[in-house]
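Peer 1: Structure for the following, please:
(chains A and B)
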Amino acid sequence: MITRLLKRFIASAVTLLGTAFLTFFLLNAVPGDVARVIAGAKATPEVIKDIHAKYHLDDPLWQRFGFYLGQLAHGNLGHSYVTDQSVAEAILTRLPTTAALSSLAVVMWVALAVPFGVLTARFRDSWFDRSVLIAATLTLSLPAFWLARMLQYWLGYQLGWFPIGFFRSFFDLLLPAAALAILFVGYYARLIHTNMVEVLDSPYVRAARARGASETAVLFQHALRNAMIPVVTILGMDVAGLLGGVLFIENVFALPGIGTLAVQSVFNLDPPVIMGTVLFSAALVVGANWVVDLLYGLIDPRIKTGI
Amino acid sequence: MSALVKFTAATILRILVGSLLCGTLSDTRAGLPPSVSATNVPIPKRGGTLRLAMPNDISSFDPALAFDTISEPFLMLVYQGLVEYDDGVKLLPCLAKNWTISADQRIYSFHIRPGVRFSNGRVVVASDFVYTLERTLDPKLAALSESFFEEIAGAPDYRAGKTPHVRGLRAPSDDTLVIELTAPDPSFLYILTLPGALVVPREVVAQYGQSFGSHPVGTGPYRLTEWLRAVRMRFERNPLSTQSDRQYLDAIDVMEGGDRELHLMMFERGELDIANITADPGIPVPDFIRIQHTPRWQGLIECMSAASSYFLVLNTELPPFNELKVRQAMNYAIDKDKIVRLLHGTSTPANSVLPPPVPGYNPNLNVYAYDPAKARRLLAESGHADDISFNLWYETDSTKPDTTATAIQYDLLQVGIHARLNPVSFPAFLDATQRRKTAQCSISGWSQDYPDPGDFLDTMFNGHRITDEGCQNLAFYNNPEVNDLLAEAATCPDPDRRLHLYQVAERTMLTDAPVVPLYFARIYALRQPWLRGCYLHPVLYFRFERMWLDR
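Peer 2: Okay, the predicted model is just below:
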């Protein structure tokens, strides 16, 4: 058990280190001088030289990477070249927004996907099942930025039902969370559908029906619980990977989260912040894997030994 | 300029603005705020919060580290300098009560206004200005407007670490500041309006060190009371300021993030008081025509010619543009009116490098009018009919250069010149175009730092300023005759003769055709009917501290 945990830990560390390495060297392969971005088009060669010295931009790449790793080992993500803000602080102040948006989206899509998944399994091959299938396929194929802009434009700007941007109150999260939820709900409805179909055919469900349990009890108490096990696993992974969708949604709705920070840092060519947000999302995925594995063991005791 | 992006920088290159439809707009020229008429002068009301939004954070609240058109209106809320602009480009006393200039125009003596306090309570004295300017010149700080102040006597020695202080900066008493220049510079007072000359208190800079930019303390009418980087800013009245006519608003709230389209939607829902404060061009181009024809917004669009010009740069050191006839052919081949039409009339066609608001602008200059037949003839004479091809560099950040570049590509093809479009990121663009013998041809631009022709002509066309990297003379143009004219103009004490010298230099330069002038930017501000005092300033664009809410 201890060796397994240790192996796991080393694997995670190597993953993060690899991410740091790749990001750092790819960033330095991007054409253009960071000092020039900081100083702007009108900067004189002297100013550029001063900025190079200030941020040690003329040191060899390996030395700078070593310095960065040294900082990282002390839990220091460095400071933004552009705003001089601590990168860790920038991420931490923005984390609550992203967490609130993601949680609300997960609640929305699970709350929708469960009844759709269960009912389409119960009424398999009906017109209802087929229309949900078509709708699910459609929502799955929507680009996040397009959907977000459409909701914003029609439900917010044209109809005036929702606020359309920035984060001042809970209501500002409704539309962006809905946009995020729509992107996932179809997939989860189908996932639950498939698992339910399988479970509904199993002997214990037939036994429950034979005992005279109500249809609601059969579907939601007996069948759904078992059908949800694989769904929970995938949900865990998706929550970690949600940052991809969050990136677009936050930017369209001007929410001050990790996604806007990441995009701004790329436009600014701000290496410390790019490194910070990339490492943060990598750590999130690695962490979510751990959590899912642990949860899995809790939900299904047979898996515990496998960890 | 500033980093965020570089906003600053990007602004320079971003092309927009202008107007076919300007007849229907209120053109707010210097000195004529539109809300004021002779018969009906509204009395400003106090109170309310101005609500603004912008796509990116400002670069810094350290005036030495912010140097761009986006940051400046906000810096001016918090900081002040010795002099300030009136509604136009005339300079008025600000923290300096008055000043005298020596007969040889090298020594400036300022009398500091007594009793002015920083927002931390301390009284401003003359040595604060010495400290501020020495700080801006300190190489360790890497101040962005540093180069403008190097003409102060002793500045190069100070920067090289040879002297602990700048010889030309002295404070003989608390209310007297003396600045000595190495040579006369008629534009020096303008340079004192740049962010690097806005006064900062040394004890607060010492307290916060590098993060002074997050804890600004100045003498301005407002204080920064909240700043969550790239999320929001809030300004409230500075209780120690005595300028009640700069403090009508209780507070100014700025939301950061989102794009121009989102901001326009929020504005139309009444959630913002100005649609777009990044003035680039102030109304998103896709919505430009719609907004102009919406009855609700009639009379609420302010419009101004910006002191920015855009041009095609021909690198005179690289073939084929080392040949005069080829450069002339490029000038004859491009139809500027068409480009302006493609940009929905958000700009005006340019025949010079100096834009209309800058002194010395010559409206009668038209060295090479559109004439494709002549272009073809010149190419044939030069022996290059149909064999010229090159990369056309431009920056990808905005859709406008794309429109401009394809239009140019088409026009050039009509005369047998093959331009390959080469869109690159902003840093890559700067890297290539400012490096010697790298980019043959690029779409570039220049926005004024202060209203003086030298800021355009001397910076971009003086052969003595050619460097191997980071060169602002993008055409690497070097004509001794022009160099001499620029050198004479730079220190010429007679204003009329000085402008004349710059005009001759510009005409001579344009005849040599190192650039093809394309268009001048126009700037728009779309405001709510209740917002008053919102007129565009030729240099600062927005002056939030002079606005008030009529409701």
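Peer 1: When you work out contacts or count neighbours from here on, use the C-alpha atoms and nothing else.
Peer 2: Noted.
Peer 1: For the residue in the stretch 101-250 of chain A that chain B sits nearest to, which residues are in contact?
Peer 2: The nearest approach of the stretch 101-250 of chain A to chain B comes at A:Tyr157, 6.3 Å away (C-alpha to the nearest C-alpha). By C-alpha atoms under 8 Å, 6 or more residues apart in numbering or on different chains, the contact set of A:Tyr157 is A:164, B:265-266, B:269.
Peer 1: List buried members of those by neighbour count.
Peer 2: By neighbour count, with 16 or more other C-alpha atoms under 10 Å in any protein chain shown, these hold A:164, B:265-266 as buried.
Peer 1: Output those as TSV; include the columns secondary structure.
Peer 2: Output for these, formatted as TSV (DSSP: H, G, I helix; E, B strand; the rest coil):
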residue	secondary structure
A:Ile164	coil
B:Met265	helix
B:Met266	helix
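Peer 1: Identify, from the contacts of A:Tyr157, the entry nearest to B:Ser102.
Peer 2: Looking at these and their distance to B:Ser102, the nearest is B:Met266, at 53.4 Å (C-alpha to C-alpha).
Peer 1: still on that earlier bit, take the buried ones among the contacts of A:Tyr157 and lay them out in a markdown table including distance to A:Pro176 and pLDDT.
Peer 2: Shown next, in a markdown table, are the buried ones among the contacts of A:Tyr157 (distance: C-alpha to C-alpha, whole Å; pLDDT from 0 to 100):
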| residue | distance to A:Pro176 | pLDDT |
| --- | --- | --- |
| A:Ile164 | 9 | 93 |
| B:Met265 | 16 | 95 |
| B:Met266 | 16 | 95 |
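Peer 1: what is the mean pLDDT for the helix ranked longest in chain A?
Peer 2: The residue-count maximum for a helix in chain A (DSSP state H) belongs to helix A:87-122. In this model, helix A:87-122 has an average pLDDT of 93.
Peer 1: So which elements touch that helix?
Peer 2: With contacts taken as 3 or more C-alpha pairs under 8 Å, 6 or more residues apart in numbering or on different chains; DSSP states H and E, helix A:87-122 sits against helix A:127-140, helix A:174-200, helix A:224-241, helix A:258-268, helix A:271-299.
Peer 1: Compute the inter-axis angle for it and helix A:127-140.
Peer 2: Comparing the axes of helix A:87-122 and helix A:127-140 via axes from the mean of the first three to the mean of the last three C-alpha atoms, to 10 degrees yields an angle of 160 degrees.
Peer 1: what comes up buried for helix A:87-122?
Peer 2: A:87-88, A:90-91, A:93-95, A:97-98, A:101-102, A:104-106, A:108-110, A:112-122.
Peer 1: Stretch B:237-255 too?
Peer 2: For stretch B:237-255, using 16+ other C-alpha under 10 Å, the buried residues are B:237-238, B:240-241, B:246-255.
Peer 1: Same question for stretch B:100-107.
Peer 2: Judged by neighbour count (16+ other C-alpha under 10 Å), stretch B:100-107 contains these buried residues: B:105-107.
Peer 1: same thing with stretch B:453-470?
Peer 2: Neighbour-count burial for stretch B:453-470, counted by 16+ other C-alpha under 10 Å, picks out B:453-467, B:469-470.
Peer 1: List, out of the residues you listed, those positioned next to chain A.
Peer 2: Among those, the residues within reach of chain A (C-alpha under 8 Å from any C-alpha of the partner chain) are B:469-470.
Peer 1: pLDDT weak spots in the stretch 1-150 of chain A?
Peer 2: Across the stretch 1-150 of chain A, the ranges flagged by pLDDT under 70 are A:1.
Peer 1: and if you look at chain B?
Peer 2: Low-confidence segments of chain B (pLDDT under 70): B:1-41, B:279, B:397-400.
Peer 1: Go again with 50.
Peer 2: Scanning chain B with the threshold set as pLDDT under 50 gives B:1-38.
Peer 1: which one of the buried ones among the contacts of A:Tyr157 is nearest B:Lys140?
Peer 2: The shortest approach to B:Lys140 among the buried ones among the contacts of A:Tyr157 belongs to B:Met266, at 42.3 Å (C-alpha to C-alpha).
Peer 1: B:Ala275 versus that closest one, what's the distance?
Peer 2: Between B:Met266 and B:Ala275 the distance is 8 Å, computed by C-alpha to C-alpha, to the nearest Å.
Peer 1: how about the residues of the stretch 51-200 of chain A near chain B?
Peer 2: Contacts of the stretch 51-200 of chain A with chain B, taken as C-alpha under 8 Å from any C-alpha, map to A:51, A:54, A:82-85, A:90, A:157, A:164-166.
Peer 1: Find me the pLDDT at the residue nearest in space to the middle of chain A, would you?
Peer 2: For chain A, the residue nearest the mean C-alpha position is A:Leu242 (1.9 Å; C-alpha atoms, centre = their mean). Per-residue pLDDT puts A:Leu242 at 84.
Peer 1: Now it: phi and psi?
Peer 2: The phi/psi pair for A:Leu242 (degrees, to the nearest 10) reads phi -60, psi -30.
Peer 1: what's the closest non-adjacent residue to it?
Peer 2: Nearest residue to A:Leu242, sequence neighbours excluded (C-alpha to C-alpha, 6 or more residues apart in numbering or on different chains): A:Ser102, at 7.4 Å.
Peer 1: same question, B:Phe520
Peer 2: B:Ser309 (4.4 Å).
Peer 1: what about the one you found, how many neighbours?
Peer 2: By the criterion of other C-alpha atoms under 10 Å in any protein chain shown, B:Ser309 has 29 neighbours.
Peer 1: I'm done for today, thanks for sticking with me.
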